[in-house]
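> Any chance you can model this:
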Amino acid sequence: MSRLTIAASLLLAIPSSFFAQQVPAVTARNDTGPVSEEIFETKDAAALTVGLSPLSKSQLRNGDREVRIWYSSFGNPQYLVIIRQSSAVTTGRLLLWWDAYYETSPVMADTRVDNFVSSGYDCGPISKRNSKFGEDRWISSVCEANLKGSPDWSAFLSEVESHALPQPTTAAAVQDQTDNKNWGITVERKSGTTYGVSHYHTALTFGAPEPGRGPKLQDMVNALAASAKREPTVAQH
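Below you'll find the predicted structure:
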């Protein structure tokens, strides 16, 4: 079972206040060194679930750009921001994605995360796909968030481009990257046939995110996701 799936499933049943007492803040920093292929263990499955090719294998017209910002943290859903630029037009979308492990049959996969996402976010239909990596079996689930307002997609692009793609440094840095395959922000960029990927550690946050605890992209993605959250229902007496 993937570590992301195990952790996410367990965390659904644990109050966020528990972590606020138990888990210290993690200092955010940029990674260096090549990103391990294993970081896309579940990300490629999520892309395929909604009919997207992995960006590294996608075909773009000359002059077109696409950026995918994957934000994986504790709890569900995980976030995928997709930004596309063609000529002077920049568009974007936010996808919510998660995995549910199953023991014997896909139809027996847990649906608690589905219900949690649907009740908390204004989201379109949930797409599902039976996925497998090694001996792990899971259902990849994705829905597109309905965002309030008009997000500044150009600001997202500018923030991504303000960070140069990391270059290999030391063996220790490469090993550190391999040991942290799932958590953080992974940014994929493609322009024409040129593809690059980088990964950033983020501060671990539970409950309401606190601004400034990670790279600026972390705050931007959190703010975008917040615009898709449903208003809490007030009980009538």
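> count of residues packed around residue 162?
9 (other CB atoms under 10 Å). To be clear about C-beta, it is placed using only N, CA and C from the backbone, and glycine gets the same treatment.
> roughly how far apart are it and residue 49?
Taking CB to CB, to the nearest Å as the measure, residue 162 falls 31 Å from residue 49.
> Also residue 78?
12 Å.
> which neighbours do these two share?
Jointly contacting residue 78 and residue 49 under the rule CB atoms under 8 Å, 6 or more residues apart in numbering are residue 97.
> hmm, which helix or strand of this structure has the shakiest average pLDDT?
Of all helical and strand segments in the chain, the minimum by mean pLDDT, DSSP states H and E falls on helix 16-22, at a mean of 29.
> Flag the shaky bits of the protein, pLDDT-wise.
Residues of the chain that meet the criterion pLDDT under 70 lie in 1-39, 41, 133-134, 164-182, 203-214, 233-237.
> in this structure, which helix has the most residues?
Longest helix in the chain, counting residues (DSSP state H): helix 216-226.
> what's that one packed up against?
strand 65-72, strand 78-86, strand 89-101, helix 153-161, strand 184-191 (3 or more CB pairs under 8 Å, 6 or more residues apart in numbering; DSSP states H and E).
> Relative to residue 224, tell me which of these wins on proximity.
When the helices and strands packed on helix 216-226 are compared by CB to CB, strand 89-101 sits nearest residue 224, at 5.6 Å.
> Buried residues in the next helix or strand after that closest one, which are they?
Sequence order places helix 112-120 as the next helix or strand after strand 89-101, per DSSP states H and E. By neighbour count with 16 or more other CB atoms under 10 Å, helix 112-120 contains the buried residues 113, 114, 117, 118.
> need those in JSON lines with distance to residue 143, can you?
Listed next are those as JSON lines, based on distance: CB to CB, whole Å:
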{"residue": "113", "distance to residue 143": "11"}
{"residue": "114", "distance to residue 143": "9"}
{"residue": "117", "distance to residue 143": "7"}
{"residue": "118", "distance to residue 143": "8"}
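> and the gap between the nearest residue to residue 191 once chain neighbours are set aside and residue 161?
Among residues not flanking residue 191 along the chain, residue 65 sits closest, at 4.6 Å (CB to CB, 6 or more residues apart in numbering). As for residue 65, its distance to residue 161 is 10 Å (criterion: CB to CB).
> So between those two, which is more surrounded?
Each of residue 65 and residue 161 has its neighbours counted (other CB under 10 Å); residue 65 has more, 18 against 11.
> Now do the contacts for residue 183.
Neighbouring residues of residue 183 by CB under 8 Å, 6+ apart: 72, 73, 74, 201, 202, 204.
> Could you do residue 129 as well?
45, 48, 49, 139, 140.
> ok, now with 6 Å
49, 140 (CB atoms under 6 Å, 6 or more residues apart in numbering).
> tell me the SS of it?
For residue 129, the assignment made with DSSP: H, G, I helix; E, B strand; the rest coil gives strand.
> which residues sit against stretch 107-120?
In this structure, residues lying in contact with stretch 107-120 by CB under 6 Å, 6+ apart are 76, 77, 96, 98, 100, 102, 126, 139.
> Could you rerun that using 10 Å?
Outside stretch 107-120, the residues that touch it by CB atoms under 10 Å, 6 or more residues apart in numbering are 5, 8-9, 12-13, 75-77, 96-103, 123, 125-126, 128, 130, 137-139, 141-143, 145, 228-230, 232-233.
> PyMOL command to pick out the buried ones of those residues?
Restricted to buried positions by 16+ other CB under 10 Å, the PyMOL selection for the contacts of stretch 107-120 reads:
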select buried, resi 5+8+9+75+76+77+96+97+98+99+100+101+123+126+128+137+138+139+141+142+143+145+228
